[in-house]
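>>> I would like the atomic coordinates for the input below:
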Amino acid sequence: MQKPFLYKSLGILALILLMSLALGYVNDLILERQARQAEVESNIAKSSTEAQTLTGPVLVIPYTEHYTETIGTDKNIKTVEGKDEKYLYLLPNTLAVTGDFAHNYKQRGIFKALMYRFNGDIVGSFNLNQIKVQAQHANGSIRFGQAMLSIGLSDTRGIDGQPVLHWGAQTLSLKQGTQLPLLGAGIHSELGNLQAEQGLVSFKLNLHLRGMQQFNLIPLADKNNVRLHSRWQHPHFDGHFLPDASSQHISDKGFDAQWEVSSLASNIQERLLSSLNHTSANLPLDAISVGFVEPVNIYSLSNRATKYGLLFIGLTFAGFFIFEVMKQLRIHPAQYTLVGLAMAVFYLLLVSLAEHIGFSYAYLIASTACISLIGYYLANIMQNRRYGMVFSLKLGLLYATLYGILISEDNALLMGSLLIFSLLTFTMVVTRKVNWYALGNQ
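Predicted structure coming up:
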């Protein structure tokens with residue numbers, strides 16, 4: 001084999017490696033913009049509202065045990081009165097949460113963050129027959145104080161309007177804070193004196209709540225039923241409880257999901273009640289969680305596209321080389337370099353345009369520009385317009401296939417593998433009769 005043929009092959013390989021440096025630069029730029037996007041989302045969350053976690057409600061009943069005790073010895077014996085102040089905590093007997101989500105974006109410059117607005121009803125009941133406390137002293141007597149209903153919210157800045165609590169036949173206002181360190185931020189309502197004879201008392205709260213990216217709900221009741229609806233087409237069900245498979249529906253019109261959780265399915269009640277008297281906050285509890293995933297994240301898709309960049313440049317160079325072999329043409333290494341740079345610039349165009357007009361339109365414009373430029377250039381260097389058109393058509397098919405791979409989250413690896421195998425098969429079939437030793441001697 002003559003040295004020029006070997007040098008040409010090694011030169012093409014070296015150019016491919018050189019193009020990988022250009023793709024690495026573009027990929028670093030994409031990661032930098034992605035980090036900037038995350039920083040903007042964090043800043044918007046700090047100035048607006050973060051992901052929301054709803055905990056409760058919890059019924060808090062203070063009580064005081066009054067007692068007398070004898071202290072001292074012999075002639076110094078005397079009787080004194082004492083009291084212990086404690087709290088009784090009751091969790092709901094039933095809890096039903098129904099609501100829907102509306103979505104919008106908050107934007108800073110070209111970066112934006114996905115927000116949601118939850119509009120829901122929290123309905124349930126408490127069994128007041130559980131208002132029973134055993135005195136700790138032989139002569140102790142129990143006196144109950146003013147009860148309070150506390151609802152934990154991780155970020156109260158997200159509350160819209162003035163929510164109202166319906167407790168039995170009463171309509172009560174809500175105040176800032178839960179008065180319970182364990183629940184952290186939130187709201188509470190003063191219920192007055194409660195009696196065990198009242199039996200089962202129902203409550204209802206209509207809540208408008210803004211948040212970002214994720215909504216979490218702690219199912220505290222004995223029986224929990226949660227129904228959520230949204231027009232968002234890309235939910236991510238997470239947490240410790242998944243929605244019932246038979247009631248979960250996701251389509252292009254949004255999603256509907258239902259959860260039915262029993263207190264027997266987790267130790268939430270036990271952990272919460274054993275920790276309520278402690279001052280430590282943010283106790284991790286099992287939660288129902290719904291995340292709102294961006295359907296097209298321009299930076300993750302662009303980053304994924306660059307992973308195929310070296311393959312595409314290599315395939316394009318291989319196509320040029322096959323043209324040289326099959327059509328007895330000669331293409332200079334400088335021309336290979338310019339075509340490789342054009343393909344690398346495609347990814348730079350893609351991410352810069354996607355920040356302004358969205359990924360799909362950006363991909364269409366960037367790929368059309370790149371294919372047209374390469375086709376025009378190839379038609380001139382080969383002195384044949386038809387060659388340029390044929391090569392552009394095949395390159396367009398390649399970019400269309402890449403787009404299908406990028407938007408197919410579940411089948412991306414399968415489609416990518418099939419693409420590589422198909423192209424390898426095509427190359428082997430086209431060059432099956434080429435005598436490479438004779439070609440090297442020409």
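>>> which element is the residue nearest to M148 when sequence neighbours are not counted on?
Closest residue to M148 apart from its sequence neighbours, by CB to CB, 6 or more residues apart in numbering: V60 at 4.6 Å. Quick note: C-beta positions are derived from backbone N, CA and C, even for glycine. Using DSSP states H and E, V60 maps to strand 52-71.
>>> span of stretch 70-81 from start to end?
9 Å (CA to CA, to the nearest Å).
>>> what is the mean pLDDT for that stretch?
Mean pLDDT, stretch 70-81: 72.
>>> then stretch 346-357?
Stretch 346-357 shows a mean pLDDT of 88.
>>> any buried residues in that stretch, and which?
Residues of stretch 346-357 classed as buried: 346-351, 353-355 (neighbour count, 16 or more other CB atoms under 10 Å).
>>> try stretch 181-189
182-184, 186-189.
>>> tell me which residues are up against it.
Identification of contacts with stretch 181-189 by CB atoms under 8 Å, 6 or more residues apart in numbering yields 55-56, 58, 148-156, 159, 163, 165, 167, 172-179, 272, 275-276, 278-283.
>>> show me the domain layout of this structure.
3-38+298-441, 53-292 (automatic domain parsing).
>>> format those domains as TSV; extra columns: distance to I44.
Output for these, formatted as TSV (distance: least, CB to CB, whole Å):
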stretch	distance to I44
domain 3-38+298-441	11
domain 53-292	4
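>>> worst mean pLDDT among those?
Averaging pLDDT over each of the domains of the chain singles out domain 3-38+298-441 as the lowest, with a mean of 79.
>>> any idea how far that domain is from the chain center?
32 Å (CA atoms, centre = their mean, to the nearest Å).
>>> pretty sure M428 is in a helix, no?
Yes. According to DSSP: H, G, I helix; E, B strand; the rest coil, M428 belongs to a helix.
>>> tally of neighbours for it?
M428 has 9 neighbours, counted by other CB atoms under 10 Å.
>>> how close does it get to F391?
Applying CB to CB, to the nearest Å, the value for M428 to F391 is 19 Å.
>>> try L54
Per CB to CB, L54 is found 58 Å from F391.
>>> who has more neighbours out of those two?
Taking other CB under 10 Å, L54 and F391 do not tie; L54 has more neighbours (24 against 21).
>>> residue contacts, the more buried one?
97, 122, 151-153, 209, 215-218.
>>> now, these that are in strands?
97, 122, 151-153, 209, 215-218 (DSSP state E).
>>> about what we covered before: which one of the contacts of L54 is nearest L301?
Distances from L301 to the contacts of L54, taken as CB to CB, are shortest for F215 (25.2 Å).
>>> correct me, but that closest one touches T49?
No. In this structure F215 lies outside contact range of T49 using CB atoms under 8 Å: 11.5 Å.
>>> which one's more surrounded, those two?
F215 (25 against 22).
>>> dig out what the more buried one forms beta bridges with.
On the basis of DSSP bridges, F215 takes part in beta bridges with Q52, V290.
>>> residues contacting it?
51-52, 54, 101, 116, 118, 228, 289-290, 292.
>>> cool, and A113?
Going by CB under 8 Å, 6+ apart, A113 touches 40-41, 44-45, 105-107, 212-213.
>>> gap between it and K204?
Applying CB to CB, the value for A113 to K204 is 32 Å.
>>> show me the helices in the chain, by range?
3-47, 268-275, 298-307, 309-327, 333-357, 359-381, 385-407, 412-430, 436-441 (DSSP state H).
>>> out of those helices, which gets nearest to V80?
With CB to CB, the closest approach to V80 among the helices of the chain belongs to helix 268-275: 31.9 Å.
>>> in that closest one, what counts as buried?
268-269, 272.
>>> would you turn those into TSV with distance to T306?
Formatted as TSV, the buried residues of helix 268-275 follow (distance: CB to CB, whole Å):
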residue	distance to T306
I268	44
Q269	50
L272	47
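>>> quick check, nearest of those to A366?
I268 (50.4 Å).
>>> pretty sure the closest one sits against I218.
Yes. Here I268 reaches I218: they are 6.6 Å apart, a contact under CB under 8 Å.
>>> what residues do these two have in common as contacts?
Counting by CB under 8 Å, 6+ apart, the shared contacts of I268 and I218 are 285-286.
>>> can you pull out the strands in the stretch 51-200 of the chain?
52-71, 78-90, 94-108, 111-127, 141-144, 147-153, 164-167, 170-173, 175-176, 186-192, 200-212 (DSSP state E, counting those that start in this stretch).
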